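*Asks:* A predicted structure for the sequence below; I have some questions about it.
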Amino acid sequence: MGGQGETAATGAGKGAETASTTTHESTATLNKKIPTLDITLTGASTYPQWISSLEDYLFLLDVPRTEYQVWDVVTGSYAKPGETDKKEYKQWREANVVALLTIKKNCDEEVRARIGSFREAKEAYDELKKAYEGKSVTELGALMKSVTRMHFDDRKTTIQDHIAEYGRAWNSFVAITTRLDLANDKGFGTGLQHIAKDELAKVEFLLDSLPPFYSNTVENIKSKDISYDDVIRKLIQYIPQRQKGRKGGNTDEPVVLKADGKKLDTSKQCTYCQKTKGWKGIGHTKEECRTYKKEKKEKAKAKKAKAKEEKEESSDSESEGVTVCMIRIGKAKAREGWFQYDTGTSHHTTNNLSLLTNIQHVEIPVTAHDGTKSICHTKGTLEIVHNGKTLKHKDCLYDPSYSNLISGQRLGDHDIKS
């Protein structure tokens with residue numbers, strides 16, 4: 001009898017251990033499916049944005065076969081049913097597990113320890129709300145002060161990181177003003193709500209956080225009616241360029257960018273900035289304008305590249321045919337008539353057979369400037385007199401339809417005879 005009882009007890013113990021393991025594995029599997037929000041709750045400073053993100057996510061999750069969302073479990077709108085109604089209690093319990101795990105997973109260790117013993121999402125929510133949610137306009141004013149007094153320290157960070165930090169602070173400010181109870185407000189809280197909704201205010205505070213060194217960039221941006229996203233793009237475009245251009249700067253780490261200590265000379269105005277960019281262009285002249293110098297250099301480079309490309313396209317070997325291009329750069333008047341000097345054509349050409357000596361019969365494919373193709377059957381040495389000198393040009397192509405062209409590509413000292 002005793003042995004049988006011992007065996008039964010041992011068997012029950014194994015069953016309990018198995019059940020416990022199964023429950024643990026199910027919770028771990030569920031936890032993997034729980035989302036990671038875009039912000040972790042670390043305390044009062046992150047609470048406004050964190051609670052908004054939590055609500056947005058849980059509000060999208062429906063409790064099956066009910067009119068509620070999982071967020072209703074957190075706030076208590078979907079009250080815990082009695083355990084006697086097993087079906088409804090099961091639905092609430094499953095929704096509660098999802099809500100509670102989402103809350104705990106998106107808190108740091110210190111905050112999580114604060115709610116670790118809670119088994120209901122509403123209990124955890126009430127505790128966090130009590131601990132971190134701002135209860136007065138005074139606290140909101142402190143947050144507003146942190147936004148307006150934010151400063152871009154270009155010795156320690158990049159403009160991208162500064163914009164990201166500013167964005168987080170502003171989002172927290174907006175989140176608090178949205179939830180602010182204005183029942184006993186005397187005007188201050190209402191004013192802050194209006195500021196939080198004003199994109200222009202968001203732009204102004206961001207630009208005011210930049211050091212005086214960037215005053216010219218700020219003035220140019222303020223002169224245009226653009227959105228907050230456009231302002232961000234322009235800051236990311238211009239400020240890193242100025243960092244790299246400063247003495248001692250390199251691409252690996254930001255340099256110390258401080259104000260030059262000189263008062264902005266408002267008597268100087270840049271006509272290039274004003275006319276081509278629509279900027280105020282104050283504090284420098286066109287000759288001193290970095291933008292003008294940079295764009296002028298880029299245009300010259302592009303023009304040079306285009307000329308090189310056109311020259312390469314116009315050059316062709318005899319075996320591939322002759323390209324006759326009409327790029328006129330000047331004229332030479334000889335006794336025999338007018339000849340155009342042309343750097344685009346690859347051969348000398350004429351429509352006057354009497355000007356040729358050493359005539360040969362050939363078959364050379366020719367592509368004209370308009371793309372038409374033909375075969376040239378005659379070539380020779382062209383002899384003309386210009387400014388008292390006899391000019392001899394070998395391999396001149398003849399056809400009655402050709403223009404009188406001197407190829408700049410084939411000119412050399414051997415073509416001139418006194």
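*Replies:* Alright, I've got the coordinates. Bear in mind that the values here come from a model prediction, so they are computed numbers and not experimental data. Residues are numbered from 1 along each chain as shown.
*Asks:* for the rest of this, base every contact and every neighbour count on C-alpha atoms.
*Replies:* Fine.
*Asks:* in PDB, list the C-alpha atoms belonging to the helix or strand hosting Val98.
*Replies:* Taking DSSP states H and E as the definition, Val98 sits inside helix 86-105. Extracted in PDB, the C-alpha atoms of helix 86-105 (Å, rounded to 0.1, in the frame of the first residue of the first chain):
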ATOM      1  CA  LYS A  86     -15.500  30.100 -18.500                       C
ATOM      2  CA  LYS A  87     -15.800  31.100 -22.200                       C
ATOM      3  CA  GLU A  88     -15.800  34.900 -21.600                       C
ATOM      4  CA  TYR A  89     -13.200  34.600 -18.900                       C
ATOM      5  CA  LYS A  90     -10.800  32.700 -21.300                       C
ATOM      6  CA  GLN A  91     -11.200  35.500 -23.900                       C
ATOM      7  CA  TRP A  92     -10.400  38.200 -21.400                       C
ATOM      8  CA  ARG A  93      -7.500  36.300 -19.900                       C
ATOM      9  CA  GLU A  94      -5.900  35.800 -23.400                       C
ATOM     10  CA  ALA A  95      -6.300  39.500 -24.200                       C
ATOM     11  CA  ASN A  96      -4.800  40.400 -20.700                       C
ATOM     12  CA  VAL A  97      -1.700  38.200 -21.300                       C
ATOM     13  CA  VAL A  98      -1.000  39.900 -24.700                       C
ATOM     14  CA  ALA A  99      -1.500  43.400 -23.100                       C
ATOM     15  CA  LEU A 100       0.600  42.600 -20.000                       C
ATOM     16  CA  LEU A 101       3.500  41.100 -22.000                       C
ATOM     17  CA  THR A 102       3.500  44.000 -24.400                       C
ATOM     18  CA  ILE A 103       3.800  46.400 -21.500                       C
ATOM     19  CA  LYS A 104       6.600  44.500 -19.800                       C
ATOM     20  CA  LYS A 105       8.600  43.800 -22.900                       C
END
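*Asks:* mind listing what's buried along that helix?
*Replies:* Neighbour counts over helix 86-105 (16 or more other C-alpha atoms under 10 Å) mark 88, 91-92, 95-105 as buried.
*Asks:* stretch 201-220 too?
*Replies:* For stretch 201-220, by 16+ other C-alpha under 10 Å, it's 202-203, 205-212, 214-218, 220.
*Asks:* how about Ser209, phi and psi?
*Replies:* Dihedral angles of Ser209 (phi, psi; degrees, to the nearest 10) stand at phi -80, psi -10.
*Asks:* can you tell me the closest non-neighbouring residue to it?
*Replies:* His151 (4.6 Å; C-alpha to C-alpha, 6 or more residues apart in numbering).
*Asks:* separation between that neighbour and Leu391?
*Replies:* His151 sits 75 Å away from Leu391, taking C-alpha to C-alpha, to the nearest Å as the criterion.
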